[in-house]
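Participant: can you look at this prediction? I've put the sequence above it.
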Amino acid sequence: MKHTLLFASALLAGAACAAIDANAAARAALTHAGLAAVASNALYVEPDLDDGRWVYEVKFHDGKTAYDYELDANTGAVLKAERKALRQIPNVAAAPAAQPAAIAQPAAQPAAQQPGLPAGILAEAQAKSIALKDANVTEEAIRAFSYKAKLDTDDGVQVWEIEFRAGKMEYDYEIKADTGAILKREIEQARGLF
C-alpha cells in the first residue's frame, strides 16, 4: 500500500510539472491519428516516468482500430504511435456509440510540421513516405494494423523507427529525424499470422 501511495504521488507530481496537461496530450494523439473524437469510455490517458522523462501514455480506439501513443509531457511531441486493427466478431452488431469525450480541438497546424515536434524534425508522415518510397510500396499496400512509428534517440541521434508489413514482407527502417537519411533498412519474409 505504501509503495502504491508513493507511486501515485510521484505520478501526480510529474503531471503537475508537465508543460501540457492530459487533455492536451489526448488532443495531440487524436489529431495525430486523424480523429476528431472518440467515446469517453474508449480513451485512457496516464502520466508516466519513462527513463527519467515525463510522458503521457494515451490509448484509445474508434471501434475498428486500437491506438497506443506516448507523448512527451513537456512538448507534446509524439514519441510512439502504434495502431492495431481490432478483431471483429462475425454476426455481432457493434455496440452503440457512447458520447464523444470532451476534448477541445487544437488550432490547425501546417501540413509539414507535426504538432509538438521541434522545428527541423521531420513529421511522422514524412518519414513514413521516405520508407514507403525506398521500399517501393504504396500506402494502400501496407496493412494498417501492422504499421508502427516511434520517434526515438539512438546513440544521441533522433530517429524515426518505422515498421510495416506489405504482402509477405516485413520492413523495418530507422530514418534520421532531421535529414530524412535512411540509417537502417531491414526487409525480411513475414512471420506469423497478421
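Facilitator: In hand now; what should we look at?

Participant: so where do the helices sit in the protein?
Facilitator: Here the chain has its helices, by DSSP state H, at 2-17, 22-33, 124-135.

Participant: which residues touch the most centrally placed residue in the chain?
Facilitator: Centrality entry for the chain: nearest residue to the mean C-alpha point is Ala81, 1.6 Å, by CA atoms, centre = their mean. Counting by CB atoms under 8 Å, 6 or more residues apart in numbering, Ala81 makes contact with 29, 32-33, 67-69, 124, 148-150. Backbone N, C-alpha and C define where each C-beta goes, glycine included.

Participant: 6 Å instead, please
Facilitator: The contact partners of Ala81, taken as CB atoms under 6 Å, 6 or more residues apart in numbering, are 69, 149.

Participant: among the helices of the chain, where is the model least confident on average?
Facilitator: Across these, helix 2-17 has the smallest mean pLDDT, namely a mean of 43.

Participant: can I get stretch 45-57 as PDB, trimmed to CA atoms?
Facilitator: These are the backbone C-alpha positions of stretch 45-57, laid out as PDB (Å, rounded to 0.1, in the frame of the first residue of the first chain):
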ATOM      1  CA  VAL A  45      -4.500   9.000 -20.500                       C
ATOM      2  CA  GLU A  46      -1.900   8.500 -17.800                       C
ATOM      3  CA  PRO A  47       1.300  10.300 -16.900                       C
ATOM      4  CA  ASP A  48       4.400   8.100 -16.600                       C
ATOM      5  CA  LEU A  49       8.100   8.500 -15.800                       C
ATOM      6  CA  ASP A  50      10.000   6.800 -18.700                       C
ATOM      7  CA  ASP A  51      13.800   6.800 -18.400                       C
ATOM      8  CA  GLY A  52      13.800  10.000 -16.400                       C
ATOM      9  CA  ARG A  53      11.400  11.800 -18.700                       C
ATOM     10  CA  TRP A  54       7.700  12.500 -18.000                       C
ATOM     11  CA  VAL A  55       5.400  11.200 -20.700                       C
ATOM     12  CA  TYR A  56       1.700  10.700 -21.200                       C
ATOM     13  CA  GLU A  57       0.500   7.200 -22.300                       C
END
